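Visitor: this one's sequence-less:
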């Protein structure tokens with residue numbers, strides 16, 4: 001997955017691509033898995049292969065556990081912040097931004113209804129492995145630098161744009177749609193009278 005050995009990485013990608021796209025044939029091979037393990041055991045017996053346990057360093061494992069605990073705590077703090085700010089209306093601008101992101105995600109996920117999920121998994125697998133290439137590493141560092149520079153600006157500007165967009169929706173776009181629908185004979189009786197040019201209240205006021 002990290003392209004330390006190009007041959008092993010490409011072999012892994014080819015095998016996983018076949019297993020994901022033609023998963024029906026892989027499922028058919030499951031009953032033969034015990035036979036393969038039997039052959040593996042006899043292979044070890046015939047060639048007298050000895051099992052080599054991996055080296056264990058206690059200090060390294062303790063540092064790894066501490067790093068995992070610290071990262072886990074930070075992840076939970078970020079999750080709590082996002083949930084409070086974006087899902088429980090503690091910050092109206094961020095909640096409206098989350099609503100727009102979810103709506104956009106819905107439209108972007110529509111191709112999943114027509115394209116098999118296995119192809120997306122293969123694309124994601126190759127894309128994940130390619131992130132370890134020198135080009136992607138340099139590109140990722142550059143993108144991180146750009147995001148750090150413009151992230152604060154976008155966080156301040158986006159809520160303002162979202163508020164103006166919602167204001168235009170309520171004052172401009174929705175009244176225009178209501179006005180167009182008011183000309184439909186059957187639909188106009190179910191529309192609200194506010195914002196319509198042919199509303200009875202407007203006629204009485206003009207008289």
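Guide: All right, it came through fine. Quick caveat, the model's predicted, so the values are computed rather than measured.
Visitor: ok, longest helix in this structure?
Guide: helix 134-168 (DSSP state H).
Visitor: Which strands or helices does that one pack on?
Guide: Judged by 3 or more Cβ pairs under 8 Å, 6 or more residues apart in numbering; DSSP states H and E, helix 134-168 is in contact with helix 92-108. The way it works is simple: take the backbone N, C-alpha and C, and place the C-beta from them, glycine included.
Visitor: the inter-axis angle of the helix it packs on versus helix 134-168?
Guide: Relative orientation of helix 92-108 and helix 134-168, computed by axes from the mean of the first three to the mean of the last three Cα atoms, to 10 degrees: 110 degrees.
Visitor: and for helix 92-108, what are the contacting residues?
Guide: 85, 86, 87, 88, 89, 158, 159, 162, 163, 166 (Cβ atoms under 8 Å, 6 or more residues apart in numbering).
Visitor: Which one of those residues is nearest to residue 178?
Guide: residue 166 (16.7 Å; Cβ to Cβ).
Visitor: What number of residues are in the vicinity of the residue nearest to that closest one when sequence neighbours are not counted?
Guide: Distances taken as Cβ to Cβ, 6 or more residues apart in numbering place residue 96 nearest to residue 166, at 6.7 Å, with adjacent residues excluded. Residue 96: 18 surrounding residues under other Cβ atoms under 10 Å.
Visitor: What distance do you get for the residue nearest to the spatial centre of the chain to residue 46?
Guide: Centroid-nearest residue in the chain: residue 105, 8.2 Å away (criterion: Cα atoms, centre = their mean). Here the criterion is Cβ to Cβ, to the nearest Å. By it, residue 105 lies 55 Å from residue 46.
Visitor: For residue 14, see how far away residue 132 is.
Guide: 17 Å.
Visitor: same check, this time on residue 152
Guide: 43 Å.
Visitor: cool, residue 141 as well?
Guide: In terms of Cβ to Cβ, residue 141 sits 29 Å off from residue 14.
Visitor: With residue 125 instead?
Guide: Residue 125 is 11 Å from residue 14, where distance means Cβ to Cβ.
Visitor: Residue 137 now?
Guide: 23 Å.
Visitor: Could you do residue 70 as well?
Guide: 37 Å.
Visitor: just residue 136 next, same as before
Guide: In this view, residue 136 and residue 14 are 20 Å apart by Cβ to Cβ.
Visitor: Counting neighbours around each, name which of these two comes out higher.
Guide: Per other Cβ under 10 Å, whichever of residue 136 and residue 14 has more neighbours is residue 136, with 15 against 10.
Visitor: you'd agree that one is up against residue 127?
Guide: No - with contact defined as Cβ atoms under 8 Å, residue 136 does not reach residue 127; the gap is 9.1 Å.
Visitor: pLDDT below threshold where in this protein?
Guide: Low-confidence segments of the chain, defined by pLDDT under 70: 54-60, 187-188, 191-207.
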